[in-house]
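**Student:** Here you go, sequence then predicted model.
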Amino acid sequence: MREVEATLARPLRHAAFGDAPNPSVIDIDAVRSAQLSHEPYDFFCGSNFLRQEAIDDLRRDFPDISKPGYLTVDEVSLRGRFKTLIDELEGAELTEALSQKFGKNLHPHPRLTTIMRRSQAKYGAIHTDSASKIMTMLVYMNDAWQGDEGGRLRVLYDDKHYEPYAAEVPPTMGHVFAFLRSDRSWHGHKPFTGERKVVQIAWVKDQAELYRKKKRNAVAQVFKSMLRM
């Protein structure tokens, strides 16, 4: 409890906008009010998670990433309201709201936050997430999305079929998807190539696993850069 209180008391990191701190860019009530589903696993889909008055700034401050795939926040230059967004996603208030939502204490678990701007056709294969993850939340930040162009995440019943599906999440600005990882938390999306902006927050088992994932991601990015040369 002391650790949680200390985290709540810590000031958010933010870019300077005069002497006043940045206002919140997320709406926790979007998490609290979202309907929790239990089939085929525990998940919820929500909308309006990003405050409307922050959208223009978030669009402007989203990192200019040229590499495809997910990059950790340590590998990306964060600024302005987007930096505030990352601080709030990694903060104790969101973790507490999700802990209450899913009935599982997430506070002891470190967070791995990654950002993607560009998707490749090979992404989206059906998977459950690795067993080292406790929970995953995706925050989408695209202005518009066509229904027939792929890239719409689906909650699935097995590891082989994109249809039928329990839910489909449009990757548009302010939509969120969160789920508890299990051996049957199948999800994925049909292939899409192009800009697909998303922030992913994963609560992992321990600090050692967090370190391994960050190191593995960094090595993967080096190999991808070599292949593009």
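**Tutor:** Cool, the structure landed. Residues are numbered from 1 along each chain as shown.

**Student:** residue closest to the middle of the protein?
**Tutor:** Q200 (2.0 Å; Cα atoms, centre = their mean).

**Student:** pLDDT weak spots in the protein?
**Tutor:** Applying pLDDT under 70 to the chain flags the ranges 1-22, 217-229.

**Student:** Quick one: end-to-end distance for stretch 88-108.
**Tutor:** When the termini of stretch 88-108 are compared using Cα to Cα, to the nearest Å, they are 17 Å apart.

**Student:** Using neighbour counts, pick out the buried residues of that stretch.
**Tutor:** The neighbour-count check on stretch 88-108 (16 or more other Cβ atoms under 10 Å) flags 88-92, 94-99, 101-102, 106 as buried. The C-beta positions use only the backbone N, C-alpha and C, and glycine is treated the same way.

**Student:** Please compute how far that stretch lies from its chain's middle.
**Tutor:** Relative to the centre of its chain, stretch 88-108 is centred 14 Å away, using Cα atoms, centre = their mean, to the nearest Å.

**Student:** the strands in this protein, which residues?
**Tutor:** 43-46, 70-72, 111-119, 133-140, 153-156, 165-169, 176-180, 187-188, 194-204 (DSSP state E).

**Student:** which helices and strands sit right next to the first one?
**Tutor:** Helices and strands in packing contact with strand 43-46 are listed as helix 29-33, strand 165-169, strand 176-180; criterion 3 or more Cβ pairs under 8 Å, 6 or more residues apart in numbering; DSSP states H and E.

**Student:** thought L153 was touching V169?
**Tutor:** Yes. The criterion here is Cβ atoms under 8 Å, and L153 meets it with V169 at 4.5 Å.

**Student:** Next, show the common contact partners of those two.
**Tutor:** L138, F177 (Cβ atoms under 8 Å, 6 or more residues apart in numbering).
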